[in-house]
Every structure is written in C-alpha cells, then in structure tokens.
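Peer 1: got a structure for you, letters missing:
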C-alpha cells in the first residue's frame, strides 16, 4: 500500500464518482479503477458499492476513509514540520552561558532576538563555568555556549569571538586611591591591596594577564580570595574585602558600594573577550541560525560602540 493509493481512494470517496475523481487527479478513469481494485484486494474487503451513477462507500470503506485522511494529514504535517526543522525555524537549541558573559547586554539581546525571530525553536538555558560549558558543548550536551575567554580548546570545537571589552578596576567606595586617581587607577596604586579574582581554572587567560601586568608594574598581587563567579568579586569588594577587576559591562553592579575605574598603563592590556563556543560537526539548522544572528548582532554592537 502506497500513499498514492490512499489519495486515490480519498478522492473517489469525496467525489462519489470514478470519472470525476480521475479528472481531478489528472489521470484516466480505467487506471484509477484498477488502483482502487488493487487496494481492495490488499485490504480484503470492498471500499465502494459501484453503480451506474457513481460509487458509494461501504461500511468498511467509511471507516477506512477516516483512517486514510488521518494518515495523509499526519504525513502532510510531518513533512511541513520536517521542512521547518531543516530550515532552522523549528526544533530545539540548548544554550549554556557563564554569569559574566550573561552580564554583558549583548547576550540577552542575542537570545531575545533569536526567540522573536524563531519562536517555534524551543530553547533551554544552562549556567556554568567556562571549562564545564566547553566540555558539555564538546560532548553534544549543549548546542552552543557563551563565555568569556576559552579555558580549553578540544578538538572539534570552534570559537567565535564576538567582541572584546576592557577590564576595569573595582574598588570599595572611599578607597584612598580614588583621591589620587579620580578617573583611572594605576596598578601600582593598589599593590598592597588584597585581590579578589575568579579562580584560575575558570579564567586562566584573564587571570594570567593580570598577574603579568602586576609583575610589569613591579609587584606580585596578594590574592585573598578566588571565587567561582565575577558577580561574587563585586560583592566582596562592596563588603570591603579587597579589590578586583571585571569586564566593563559589569560596571552598574553595586554602584552604591563600589567604584569602577579604568586601569592605566597595564602591560599586557587587560581585556575580557566574549566568545561563542560550538561543535564544528553540529549540523543543527537552528544552531546555524543562532551563530549567524549572534555574529551579526555582535558586529552591529561593535559598530555602535565605536560611534562618537
């Protein structure tokens, strides 16, 4: 039994006449009659009572008509949905993110724009550190991850750098260095302060660059706390436990308790990238659409950020 047999049968049932059904199907009446006879032989019962004025459904034919229509409808729905999934306008997308990446306005902008443009794609979100998110992307547990600097670069993973922003010094309100440096702070001015940093395994690139910059400024920083998330950095600075550095996009957090300042003369330059991570072999059309959208929005964001 083929789908065309079901379509032929439904057409004859709707027309109640073989000749009219054949005309609608753009075929001759004898071949249509032969196909219906073959279908009846396969089923083992007659579908129609034939008479000079046309054909009426038998009791079995009436039941089979409901099933045939349901099957054809499911096939049509399935083909339509498959086409939408193939175009990436329907399906699923698992997105991972670090808290510091999500703090940048570009990330919620990307996710919101994707939801609006592809509302039939079901999105799941998962938070984690950069190392874990990269592992999950490599294992296929996440389609895409949004993080700062890559912690590792496993085979089969590609990295899209969306943008780079500067790191700012975070000091508690009333810190003595603020009087001498009202607009930007030199690293040497806080050489004796306890530093609060994201754990080295979670931010190896930014951590290492800060240590090198401190060394170039003539001192080795005293690390008082290593925390899991950059948001915790700012909270501890607000509590007076030390100083820290965070991406510029986080400068509105705890503004009543901390002060953010640019860092003068750091070598190397202290920056925080924003990176999209995904598998090279992931053939998900929804993922492809997400990556294209993310890169386009990042490009627009960079242009807007450089406008006078």
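Peer 2: Cool, got the structure. In this text, all values refer to a predicted model and were calculated from it rather than measured experimentally.
Peer 1: from here on, contacts and neighbour counts on C-alpha atoms
Peer 2: OK.
Peer 1: now the strands for the stretch 51-200 of the chain?
Peer 2: Secondary structure of the stretch 51-200 of the chain (DSSP state E, counting those that start in this stretch): strands at 54-57, 90-97, 120-127, 144-147, 157-172, 184-186, 194-198.
Peer 1: angle of the second one against strand 120-127?
Peer 2: Think strand 90-97. With axes from the mean of the first three to the mean of the last three Cα atoms, to 10 degrees applied, the angle from strand 90-97 to strand 120-127 works out at 20 degrees.
Peer 1: And for the last one?
Peer 2: Counting by the same axes, to 10 degrees, strand 194-198 points 150 degrees away from the direction of strand 120-127.
Peer 1: Out of the strands of the stretch 51-200 of the chain, which gets nearest to residue 67?
Peer 2: Evaluated with Cα to Cα, those place strand 54-57 nearest to residue 67, the distance being 13.8 Å.
Peer 1: Averaged pLDDT, the closest one. What do you get?
Peer 2: The average pLDDT within strand 54-57 is 87.
Peer 1: Can you list the buried residues in that strand?
Peer 2: Of the residues in strand 54-57, 55, 56, 57 count as buried by neighbour count, 16 or more other Cα atoms under 10 Å.
Peer 1: Which secondary structure elements does it sit against?
Peer 2: helix 3-15, strand 48-51 (3 or more Cα pairs under 8 Å, 6 or more residues apart in numbering; DSSP states H and E).
Peer 1: Please, where are all the helices along this protein?
Peer 2: Per DSSP state H, the chain carries helices over the ranges 3-15, 18-24, 29-43, 59-86, 99-102, 106-117, 130-138, 177-180, 204-216, 230-238, 285-305.
Peer 1: Let me have the ones you listed in CSV, extended by mean neighbour count and distance to residue 188.
Peer 2: Shown next, in CSV, are those (neighbours: other Cα atoms under 10 Å; distance: least, Cα to Cα, whole Å):
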stretch, mean neighbour count, distance to residue 188
helix 3-15, 18, 78
helix 18-24, 18, 87
helix 29-43, 15, 89
helix 59-86, 14, 56
helix 99-102, 21, 26
helix 106-117, 16, 33
helix 130-138, 22, 30
helix 177-180, 13, 10
helix 204-216, 18, 8
helix 230-238, 21, 18
helix 285-305, 16, 30
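Peer 1: Quick one, which of those helices gets closest to residue 144.
Peer 2: Nearest to residue 144, of those and by Cα to Cα, is helix 130-138 at 6.2 Å.
Peer 1: Now do the closest one: which elements does it pack against?
Peer 2: Under the contact rule (3+ Cα pairs under 8 Å, 6+ apart), helix 130-138 is packed against strand 90-97, strand 144-147, strand 271-279.
Peer 1: quick one: contacts of that helix?
Peer 2: Applying Cα atoms under 8 Å, 6 or more residues apart in numbering, the contact partners of helix 130-138 are 96-98, 142-145, 147-152, 154, 156-157, 201-203, 277-279.
Peer 1: Just the endpoints, please. Distance across stretch 172-192?
Peer 2: By Cα to Cα, to the nearest Å, the extent of stretch 172-192 from end to end equals 15 Å.
Peer 1: Neighbours of residue 282, how many?
Peer 2: 16 (other Cα atoms under 10 Å).
Peer 1: contacting residues around it?
Peer 2: Listed by Cα under 8 Å, 6+ apart, the contact set of residue 282 reads residue 143.
Peer 1: Any stretches of the stretch 101-250 of the chain with poor pLDDT?
Peer 2: Within the stretch 101-250 of the chain, the segments meeting pLDDT under 70 span 201-204.
Peer 1: picking that back up, between the strands of the stretch 51-200 of the chain, which gets nearest to residue 107?
Peer 2: strand 144-147 (7.9 Å).
Peer 1: Can you name every helix or strand that that closest one contacts?
Peer 2: For strand 144-147, the packing partners by 3+ Cα pairs under 8 Å, 6+ apart are strand 90-97, helix 99-102, helix 130-138, strand 271-279.
Peer 1: Outside of the first one itself, which residues are in contact with it?
Peer 2: Strand 90-97 is touched from outside by 81, 84-85, 118-130, 133, 141-147, 286-287, with contacts defined as Cα under 8 Å, 6+ apart.
Peer 1: Report how many residues lie close to residue 263.
Peer 2: 19.
Peer 1: dump the residue contacts of the closest residue to it other than its chain neighbours.
Peer 2: Distances taken as Cα to Cα, 6 or more residues apart in numbering place residue 185 nearest to residue 263, at 5.0 Å, with adjacent residues excluded. Residues in contact with residue 185, defined by Cα under 8 Å, 6+ apart, are 169, 177, 178, 261, 262, 263, 264.
Peer 1: Please repeat the previous calculation with a cut-off of 10 Å.
Peer 2: 168, 169, 170, 171, 177, 178, 260, 261, 262, 263, 264, 265 (Cα atoms under 10 Å, 6 or more residues apart in numbering).
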